[in-house]
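>>> Next come a sequence and a model predicted from it.
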Amino acid sequence: MAERFEITDAMRAAIGKETAPWTYEVTTTSVRGFARGVGYTDPVYFDVEAARRAGYRHLPAPPTYLGTPVFIPGQSSDTFSTPAAGMPRLDHGLPGLLDGGVETEYRGDICAGDTLIVVSKLADLQTRASKALGTMLITTTETTYTNAATGAVVAVQRGQAIFY
């Protein structure tokens with residue numbers, strides 16, 4: 001437990017640094033598999049004609065599904081399939097980690113057949129005191145999903161990690 005912890009200048013310098021762009025694919029198989037896996041039964045996630053009747057170009061990506069990162073051996077993280085270089089490393093020395101949650105702002109439809117270009121950045125660093133955990137470091141990451149064909153941002157996701 002960290003009694004005192006301060007954000008260093010080196011950590012502040014990482015704010016705003018972006019990852020390399022990475023390709024995510026949205027396929028009919030991935031849309032159907034995700035929808036089935038979380039228990040959705042709406043035909044728009046399984047039947048292309050039902051999706052079109054509902055006003056979609058193709059099968060819509062279910063809520064919280066933003067495509068699958070393309071894995072490239074030697075360039076991708078073996079764990080997440082995203083760029084191996086990833087986010088800037090913060091040498092904070094705090095051993096504990098909690099998921100602080102994720103929120104997704106949808107700005108457009110994401111449908112099967114779409115290719116998304118994804119870029120993440122460290123958006124913010126804060127500290128907060130906890131009686132149980134001591135001083136915590138809260139990191140906020142912002143990830144932007146852009147439709148490769150149209151150039152339109154279709155989603156922005158903000159996630160927090162809590163180190164203690």
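Thanks, I have it.

>>> what separates residue 107 from residue 145, distance-wise?
Counting by Cβ to Cβ, to the nearest Å, the gap from residue 107 to residue 145 is 9 Å. All C-beta spots, glycine's among them, are computed from the backbone N, C-alpha and C.

>>> Counting neighbours, go ahead and name the busier of those two.
residue 145 (24 against 14; other Cβ atoms under 10 Å).

>>> Who does the residue lying closest to that one once chain neighbours are set aside form a beta bridge with?
In space, and not counting its chain neighbours, residue 145 is closest to residue 155: 4.2 Å by Cβ to Cβ, 6 or more residues apart in numbering. Legend: beta-bridge partners of residue 155 under DSSP bridges are residue 106, residue 145.

>>> check contacts around residue 155.
With contacts defined as Cβ atoms under 8 Å, 6 or more residues apart in numbering, residue 155 is in contact with 66, 104-108, 110, 144-145.

>>> In the protein, where is pLDDT below threshold?
Scanning the chain for pLDDT under 70 picks out 1-3.

>>> Which residue ranges of it form strands?
Using DSSP state E, the strands found in the chain span residues 22-25, 68-69, 97-106, 115-130, 134-147, 153-163.

>>> For residue 53, find the nearest of these.
Proximity to residue 53 (Cβ to Cβ) singles out strand 97-106 among these, at 21.0 Å.

>>> Roughly how far does the closest residue in space to residue 56 that isn't next to it in sequence sit from residue 161?
In space, and not counting its chain neighbours, residue 56 is closest to residue 111: 5.8 Å by Cβ to Cβ, 6+ apart. According to Cβ to Cβ, residue 111 and residue 161 sit 30 Å apart.

>>> show me the contacts for residue 66.
Taking Cβ under 8 Å, 6+ apart as the test, what residue 66 contacts is 24, 104, 110, 116, 118, 145, 155, 157.

>>> for whichever helix in the chain runs longest, packing partners?
Counting residues, the longest helix found in the chain (DSSP state H) is helix 28-38. Judged by 3 or more Cβ pairs under 8 Å, 6 or more residues apart in numbering; DSSP states H and E, helix 28-38 is in contact with no other helix or strand.

>>> ok, now with 10 Å
Helices and strands touching helix 28-38, by 3 or more Cβ pairs under 10 Å, 6 or more residues apart in numbering; DSSP states H and E, are strand 68-69.

>>> For the strand it packs on, which strands pair with it and how are they oriented?
By DSSP bridges, strand 68-69 pairs with strand 22-25 (antiparallel).

>>> residues near the nearest residue in space to residue 94 that is not next to it in sequence, how many?
Excluding its sequence neighbours, the residue lying closest to residue 94 (Cβ to Cβ, 6+ apart) is residue 163, at 4.0 Å. Using other Cβ under 10 Å, residue 163 has 21 neighbouring residues.
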